[in-house]
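Build me a structure from this.
(chains A and B)
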Protein chains: 2
Amino acid sequence: MTDFPKLSGETRAYVIVGDPIAQVKSPALLTRAMATAGCNAVLLPMHVTSGDIDAFIDAVALARNLDGIVITVPHKFAAFRHCATTTARARRLGVANMMRRNSDGSWHGDMCDGQGFVDGARAAGCRAAGARALLVGAGGAGSAIALALLEAGVSELAIHDTDITRRDALLARVHEAGGTALLHAGSPDPTGYAVIANATPMGMRASDPPPVTLEHITGAMFVGDVVTTPEPTPLIAAARRAGCNTNDGAGMFAAQIDLMCGFLLAAWTK
Amino acid sequence: MTDFPKLSGETRAYVIVGDPIAQVKSPALLTRAMATAGCNAVLLPMHVTSGDIDAFIDAVALARNLDGIVITVPHKFAAFRHCATTTARARRLGVANMMRRNSDGSWHGDMCDGQGFVDGARAAGCRAAGARALLVGAGGAGSAIALALLEAGVSELAIHDTDITRRDALLARVHEAGGTALLHAGSPDPTGYAVIANATPMGMRASDPPPVTLEHITGAMFVGDVVTTPEPTPLIAAARRAGCNTNDGAGMFAAQIDLMCGFLLAAWTK
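Take a look at the predicted model:
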């Protein structure tokens, strides 16, 4: 047991805002990661509703030792509006899931959900470059993962969502991002794809239909899932039975913690 | 090493506001006390300037899991103004050093600096009831200690301050509080008093004159000092050499932590 965190008057303050907030794991994990990086810093959860988020972010920023904010559902769009500067990927999505100070005290935002998926997948044996990928789910998580898969160099990206309007909106957005990958609407059938990504909540409840046809999963596929509970999800369990390399929501989240730690502790002028 | 604090999404949030903030010890001590009391709660330091304190308190209160605020210099007057209700002693002083939620989410304030001094002194062997007391220093700390000494039942309270206006203002205020104790202006001479309280910063710097005439300290006196560094202060060192029971700033602070923990964790409706 390490002496974690080292709470004192010199502790640098970080908060994570969300509604609800009780389910978040990052206070312990990110605080531990920052301590391991040698920083006396604590991430404290703050339960803030949508009606209050703008006033809260404005005022909590008045604390001179508040160096960063982590943002979870439903505040990622609101957080983006508070950023004076952002990374290109955050701008492309119009959302931020973490903010750190610029040298003038204003906020610099980034969005690492997609890269967390790709980094976690890579660590679990996924080779995205040149691969054909099927993404299921075109919401916030799916949008971030779509961009990250394209950045990682997939040769083809098929997107499936039962909400066709949302699917086509994401297809249009990834088209705008440019690149040479083949982009098209997909189906729940994973046949022929090397990378399968579930970015829907399907699998959380026992009654959920699977996001893809489990019977068509074969051992050469890589299967990643954003869902963290149950562990494993039916999708991850089926993929493991088929002999696939897999990454579950916990693995994606561990990769995100590393990304957040690096981003939040970067020098202000970086 | 206990697993302290137990950071999670369910952690209840507390902040201490001050300017400067780096010197405060309560983040570790109060967080540990709350953990010992079985509460998953963390006190995080927030460096807020006087120009920002009102906006900060208004907005940080928007966090639904923020259950309390601890206030240090120079914000105790500002904090009092944010309290919908307060204890009588906070009202009498017009200051608050801690705030907890009322059932409607508004703030209930208290000021425990004086009681911290008296509780710490009692634990160190001081019998204030019926005693003649000499208080040196009529500022914020001295005002709180004056009221607490009267509540503890001293028979006489002499107040010395080189700022005569401030001394007389405090004498007038303790007169208003009522009671039967003899109240009058004192001098730096401790002769004849059973309880000596230093509520000035004298002793922090090596060049400071002593708050009372050290040569007149005798072993039957109890000597308490609000100054925390150096440890011991010249006053406490002289008192110990004379055979006195003593309580230093650290002892006063430890008693305050107990008081804060009890206040902050009390049921909202209490």
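
Tell me what A:Val17 is bridged to.
Note on A:Val17: beta-bridge partners by DSSP bridges are A:Met46, A:Ile71.

Show me what the helix or strand harbouring A:Leu44 is packed up against.
According to DSSP states H and E, A:Leu44 maps onto strand A:41-47. Contacts defined by 3 or more Cβ pairs under 8 Å, 6 or more residues apart in numbering or on different chains; DSSP states H and E place strand A:41-47 against strand A:12-18, helix A:26-36, strand B:12-18, strand B:41-47. (Glycine included, C-beta is placed from N, CA and C.)

And for the last one, what's in contact with it?
In other words, strand B:41-47. A:7-11, A:13, A:42, A:44, A:63-66, B:5, B:7, B:11-22, B:24, B:26-27, B:30-31, B:34-35, B:56, B:60, B:67, B:70, B:265 (Cβ atoms under 8 Å, 6 or more residues apart in numbering or on different chains).

hang on, the earlier thing: give me the average confidence score over the strand holding A:Leu44.
For strand A:41-47, mean pLDDT rounds to 97.

Select only the buried ones of the contacts of strand B:41-47 in PyMOL?
A single PyMOL command selects the buried members of the contacts of strand B:41-47 (16 or more other Cβ atoms under 10 Å in any protein chain shown):
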select buried, (chain A and resi 7+8+9+10+11+13+42+44+63+64+65+66) or (chain B and resi 5+7+11+12+13+14+15+16+17+18+19+21+24+26+27+30+31+34+35+56+60+67+70+265)
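
about what we covered before: any chance of the helices and strands packed on strand A:41-47 in JSON lines, plus distance to A:Leu170?
Converted to JSON lines, those look like this (distance: least, Cβ to Cβ, whole Å):
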{"stretch": "strand A:12-18", "distance to A:Leu170": "23"}
{"stretch": "helix A:26-36", "distance to A:Leu170": "26"}
{"stretch": "strand B:12-18", "distance to A:Leu170": "36"}
{"stretch": "strand B:41-47", "distance to A:Leu170": "38"}
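
Looking at those, spot the one closest to B:Leu183.
strand B:12-18 (31.8 Å; Cβ to Cβ).

Show the average pLDDT along the closest one.
Rounded mean pLDDT across strand B:12-18 is 97.

can you map out the strands along the stretch 1-150 of chain A?
A:12-18, A:41-47, A:66-71, A:83-86, A:98-101, A:107-110, A:132-136 (DSSP state E, counting those that start in this stretch).

The fourth one pairs with which strands, parallel or anti?
Listed by DSSP bridges, the sheet partners of strand A:83-86 and their directions read strand A:107-110 (parallel).

buried sites along the partner strand?
By 16+ other Cβ under 10 Å, the buried positions in strand A:107-110 come out as A:Trp107, A:His108, A:Gly109, A:Asp110.

Likewise for stretch A:157-170?
By 16+ other Cβ under 10 Å, the buried positions in stretch A:157-170 come out as A:Leu157, A:Ala158, A:Ile159, A:His160, A:Asp161, A:Arg166, A:Arg167, A:Leu170.

likewise stretch A:252-267?
So for stretch A:252-267, counting by 16+ other Cβ under 10 Å, buried means A:252-261, A:263-265.

what does stretch A:187-200 give?
The neighbour-count check on stretch A:187-200 (16+ other Cβ under 10 Å) flags A:Pro188, A:Pro190, A:Tyr193, A:Ala194, A:Val195, A:Ile196, A:Ala197, A:Asn198, A:Ala199, A:Thr200 as buried.

distance between the ends of it?
Distance across stretch A:187-200, first residue to last, is 14 Å (Cα to Cα, to the nearest Å).

what pLDDT, on average, does it get?
97.

Which residues are in contact with A:Phe263?
A:Met98, A:Arg100, A:Asp110, A:Cys112.

mind checking which of the helices and strands packed on strand A:41-47 is nearest A:Glu231?
helix A:26-36 (15.7 Å).

can that closest one be found next to chain B?
Yes. Helix A:26-36 comes into contact with chain B (Cβ under 8 Å from any Cβ of the partner chain), by way of A:Pro27, A:Ala28, A:Thr31.

could you give me the average pLDDT of the longest helix seen in chain A?
Counting residues, the longest helix found in chain A (DSSP state H) is helix A:249-265. Mean per-residue pLDDT for helix A:249-265: 95.

Just checking the distance from it to the centre of its chain.
9 Å (Cα atoms, centre = their mean, to the nearest Å).

Hmm, A:Gly120 is touching A:Thr246, no?
No. With contact defined as Cβ atoms under 8 Å, A:Gly120 does not count as touching A:Thr246 (10.3 Å).
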